[in-house]
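**Student:** 3D model of this:
(one chain, ligands or ions: 1)
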Amino acid sequence: MAQRYVRVQTGDGQIHYGLLQVDRQVRPLDAPPWLEGQPTDFDLAPDSYQILAPCYPSKVIAVGKNYANHAAEMGTPVPKEPLLFLKPPTTVIASETAIQYPFQTGQVDYEGELALVIGDRCVNCTPEEARTKIWGYTIANDVTARDLQKKDGQWTRAKGFDTFCPLGPWIVREINPSARLQTFLNDDSNPVQSAQIDEMVFSSDVLVSYISQIMTLLPGDVVLTGTPEGVGAMQIGDRVRVAIEGIGHLDNFVVARESPVAKKVEIP
Ligand code: MG
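**Tutor:** Numbering: from 1, shown residues only. Okay, here's the model as predicted:
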């Protein structure tokens, strides 16, 4: 089994990066692993911590329509260069936690994606240099309010609600280039999305290089590499799983965002 790099919170509120062991114990590191964190001399018992998203990005940069069959299902051509958008860090949630369904939307879609975790400051990198800046790989769900994406003409609101970026459960250092990505809803064993990550239009190295010519990527930043065909809606009460061979699976469930009536802001 590949080494799994986690971030956990203990009962007293302490947050640790760490190594997940086969027996579910976690060996904390004294710093994030991409900042040369070294193993400490104690372990955390399985019932003493909660898994967090595996990093705390300064920004999440996402790529739209990076699989040809998904661009086609959206009725659009494949972009000639990567189509970027941002998700705020406040969208990020851990595996096994709730996606909140906002009251402003009537269609919340899953988008299973491979996520890249940046390990080193990255500015104006070539694709060859960019490859060395990708520290590891994890799983993301680029949750999207599809109706608002169409209505607004740009994607800030549709992609930016709190909880709209499930991430994790851990990071691995290597991934098979032809690893399969699949998304499952509830108890259905047939995936709603299934593709190999080498079907991407723009590869991970090219994406990181391209982004680094626009904005500085910092250690712990996350790049979402796009979703394959098969996107679809989730309902309140649904469970969603995104699985990638060689990493594991990211599991979340959908709840109503609390007190929609009390919190609704009337726009004159
Ligand atoms: Mg996406």
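**Student:** Just give the nearest non-adjacent residue to the closest residue to the ion within the stretch 1-150 of the chain, would you?
**Tutor:** Closest to the ion within the stretch 1-150 of the chain is D142: 3.4 Å, counting by Cβ to the ion. Bear in mind the C-beta positions are built from the backbone N, C-alpha and C, glycine included. Counting by Cβ to Cβ, 6 or more residues apart in numbering, D142 lies nearest to E111, which is 4.0 Å off, once chain neighbours are set aside.
**Student:** Ok, E129 next?
**Tutor:** S209 is the one closest to E129 (Cβ to Cβ, 6+ apart), at 7.3 Å.
**Student:** hang on, that neighbour in a helix?
**Tutor:** Yes. Membership of S209 in a helix is supported by DSSP: H, G, I helix; E, B strand; the rest coil.
**Student:** got a list of what it touches?
**Tutor:** 125-127, 129-130 (Cβ atoms under 8 Å, 6 or more residues apart in numbering).
**Student:** Buried ones among those?
**Tutor:** Using 16 or more other Cβ atoms under 10 Å as the burial test, the contacts of S209 include 125, 127, 129-130 as buried.
**Student:** Report the buried residues of stretch 40-51.
**Tutor:** Those would be 43-44, 49, 51, for stretch 40-51 by 16+ other Cβ under 10 Å.
**Student:** Identify those among those that sit within helices.
**Tutor:** For those, not one is inside helices, with DSSP state H as the criterion.
**Student:** T91 contacts V60, doesn't it?
**Tutor:** Yes. T91 lies in contact with V60 (Cβ atoms under 8 Å); the separation is 6.7 Å.
**Student:** Now the common contact residues for those two.
**Tutor:** C165.
**Student:** so, in contact with the ion or not, the one helix or strand A71 maps to?
**Tutor:** Assigned by DSSP states H and E, A71 falls within helix 68-73. No. Using Cβ under 5 Å from the ion, helix 68-73 stays clear of the ion, coming no nearer than 8.3 Å.
**Student:** Which other helices and strands does that helix contact?
**Tutor:** Contacting helix 68-73 under the criterion 3 or more Cβ pairs under 8 Å, 6 or more residues apart in numbering; DSSP states H and E is no other helix or strand.
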